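Student: how does the following fold in three dimensions:
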Amino acid sequence: MLARRAFFYWQFAAAAVLPAWLLLGWALWGSSGSFAGIALATPFLVLALLAVAGFTVARRSVRDARAVSWLDLGVAGAWHVLVIALGFFGPWSSIFAALSVAVGIVAFWSTAWQLVAETRKRVRSVFASLERAARPPGSPGAQAPVNRGEYIVLPPSQTPPPSR
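Tutor: Here you go, the predicted model:
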């Protein structure tokens, strides 16, 4: 639970830290010809990180627990690790770049799928409860009428008698 909760907070910081890490990594280890690619890729990385974090936080289960799911932690965590590895700009940087794009797409669709699945489940339960409440009394599955004592209904034009 601690790792899932820590990643919940990290994903918002990652939207600023990981693109900055790519720019810093290029300044320290990059070659002179690759800056244009990094300069074009970092805004897209920011948008992708924010989109994945937004889809993750849009789920009620994540907001209530303040922790991401294990699937989120695995997929998005792997994506973040690949972006960090890319920032070292070694001989494997083109492989890390391709993998980080692929895993980023998987992370996006994974969080979108989880959001749709959770929302569908909640909407179905609301419709089921509305359907149970709308059944006529006496039908199978209908809710029994609630007896809470006697009610006196006065027309709006009458005023209640003063209580003593």
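Student: how about the helices of the chain, start to end?
Tutor: For the chain, applying DSSP state H gives helices covering 2-29, 35-58, 60-65, 70-86, 93-134.
Student: quick check: which of those is buried the most?
Tutor: Comparing the helices of the chain by mean neighbour count (mean count of other CB atoms under 10 Å), helix 70-86 ranks first with a mean of 20. In short, each C-beta sits where N, CA and C put it, glycine included.
Student: now tell me what touches that one from outside.
Tutor: 3-4, 7, 10-11, 14, 18, 21-22, 25, 45, 52, 56, 62, 68, 92-93, 96-97, 99-100, 103-104, 106-107, 110-111, 114 (CB atoms under 8 Å, 6 or more residues apart in numbering).
Student: now the residue nearest the centre of the chain: how far from V116?
Tutor: Centroid check for the chain by CA atoms, centre = their mean gives T56 as the closest residue, at 1.4 Å. Per CB to CB, to the nearest Å, T56 is found 13 Å from V116.
Student: quick check: neighbours shared by these two?
Tutor: By CB under 8 Å, 6+ apart, no residue touches both T56 and V116.
Student: about what we covered before: pull the contacting residues for the residue nearest to the centre of the chain.
Tutor: So T56 contacts 8, 11, 62, 68, 72, 76, 111, 114 (CB under 8 Å, 6+ apart).
Student: run the last query once more with 10 Å
Tutor: 7-8, 11-12, 62-63, 68-69, 72, 76, 107, 110-112, 114-115 (CB atoms under 10 Å, 6 or more residues apart in numbering).
Student: what do you get for V17?
Tutor: Counted by CB under 10 Å, 6+ apart, V17 has contacts 10, 24, 49, 80, 83-84.
Student: do you know the pLDDT at the residue nearest to the centre of the chain?
Tutor: Looking at T56, its pLDDT stands at 97.
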